[in-house]
Each structure stands twice: as structure tokens, then as C-alpha cells.
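K.L.:
here's a sequence, model it:
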Amino acid sequence: MSTGVIVLIVIVAVVIVLGAAVLALRARGTQGSRGLKRRFGPEYERAVARHDGDTKAAERELAQRVERHGGLRERPLEPTEAERFEARWTAAQEHFVDAPREAVGEADRLLADLARARGFPDGAQYEEQLSALSVHHAAHVQGYRHVHRVAHAPAEGSGTEDMREAMIEGRALFEDLMGASHKQHAGRS
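P.N.:
All right, here's what the predicted structure looks like:
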């Protein structure tokens, strides 16, 4: 074989290997985006909107959240602790009829306390707690965000309907956090 043919074969082989590498990297990047969309659900779209449609920036933010909070292990609640949280939520819902604003405030404190009891960052660090919750409970974290926003809005800032919707959305996160704890206890029995 001539030297020219050997050089041509080597060049073709290098081009094929590089092409395969580029395709593999693109496939991995697409899978990463799909994985983040699947993991974060509506929170993914919220991050993209917050970054003005820049999906790469949103994905970097979400990947950083996973890196920071992905290893967090939720602590199961003791049965008496779970009962206290259930009683507090029931009381907040009952209180809503007479004093909706105070009930939403209690729901906000309750969700922060429950998350802290499960091992998430303290509710005094709301953004950090919300970030960690979004990694593990992405489908319902919007409920906490809504409750918190309404609880901290000026008195004339939220109507009764908005407060009612916040309580309903917050209930979904409450049940998710409580359900995860109940499942862990059931698995031990």
C-alpha cells in the first residue's frame, strides 16, 4: 500500500471517531436536559422563565441544586411528631374559615417546620430550604412558594380566593412530605 492510501485511511478513521464522539456528547447533553425536565417538572419551566428562556443557564442552576442538595437524606418523622404535624395542619385549615390570613401564616410556618424536621435546611433560610425542596419534591414546591408569598404579602395584597388556593397547593407539599415519612415508617415495620 502506498503512503498516500495509508494517510487517507488514517484521516477517514479519525473523522469517523471524532464524528462518533460528537454524536455521543450531543446525545448525553440531550439526555441531561430531558432528565432535568423530568426531575423538576414545572420547576424546570420556572427556571427557564427566570433566565429569560436561556435553557443552558436554567439547567446549570438546576444541576447546581442537585449537586448541593441531591445527597440530602430525608429523616423519617417519629409517629408522635407526625401526629403533631397532622394536628397543626388540621387546625390551620379549620382556622381558615374565621381568619384566612392567620391560617396561611400558620401553614407557612408549618411547612417550614415540617421540612426542617425532615432534614431540609432551616426555614429561616427560605431560599435555601426552597432550593432543597425543589430537588426532592419538585412537583409540589410551588405550593410552598405560593403559601409563603401570600403569608408575607401586605394585608390588602391577597384576596380570600388567593389564600384558599395557596392552602390547597400547600396541602399537596404537606401530604408529600408526610407521605414520604409514613412510607419510610411502613417500610421499617
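
K.L.:
biggest helix in this protein by residues?
P.N.:
helix 3-40 (DSSP state H).

K.L.:
report all helices and strands that that one contacts.
P.N.:
helix 42-50, helix 55-69 (3 or more Cβ pairs under 8 Å, 6 or more residues apart in numbering; DSSP states H and E). Quick note: C-beta positions are derived from backbone N, CA and C, even for glycine.

K.L.:
and the gap between the residue nearest the centre of the chain and residue 153?
P.N.:
Residue closest to the mean C-alpha point of the chain, counted by Cα atoms, centre = their mean, is residue 134 at 1.4 Å. Using Cβ to Cβ, to the nearest Å, residue 134 is found at 21 Å from residue 153.

K.L.:
how's the chain carved up into domains?
P.N.:
3-69, 79-188 (automatic domain parsing).

K.L.:
point out the most buried one among the ones you listed.
P.N.:
Among those, domain 79-188 has the highest mean neighbour count (mean count of other Cβ atoms under 10 Å), at a mean of 17.

K.L.:
the nearest residue to residue 47 once chain neighbours are set aside: what's it in contact with?
P.N.:
Among residues not flanking residue 47 along the chain, residue 58 sits closest, at 3.9 Å (Cβ to Cβ, 6 or more residues apart in numbering). Counting by Cβ atoms under 8 Å, 6 or more residues apart in numbering, residue 58 makes contact with 44, 47-48, 50-51.

K.L.:
try residue 165
P.N.:
residue 146.

K.L.:
does it count as helix, strand or coil?
P.N.:
helix (DSSP: H, G, I helix; E, B strand; the rest coil).

K.L.:
could you measure from residue 85 over to residue 113?
P.N.:
For residue 85, the distance to residue 113 - Cβ to Cβ - is 8 Å.

K.L.:
ignore the last one, residue 37
P.N.:
Distance of residue 37 to residue 113, computed by Cβ to Cβ: 31 Å.

K.L.:
before we move on, what about residue 98?
P.N.:
Taken as Cβ to Cβ, the span from residue 98 to residue 113 is 22 Å.

K.L.:
helix or strand with the lowest mean pLDDT in this structure?
P.N.:
Lowest mean confidence among the helices and strands of the chain (mean pLDDT, DSSP states H and E): helix 3-40, at a mean of 74.

K.L.:
on that earlier part again, weakest of the domains of the chain by average pLDDT?
P.N.:
For the domains of the chain, mean pLDDT drops lowest on domain 3-69, to a mean of 81.

K.L.:
quick one: that one to chain centroid distance?
P.N.:
Distance, stretch centre to chain centre, for domain 3-69: 22 Å (Cα atoms, centre = their mean, to the nearest Å).
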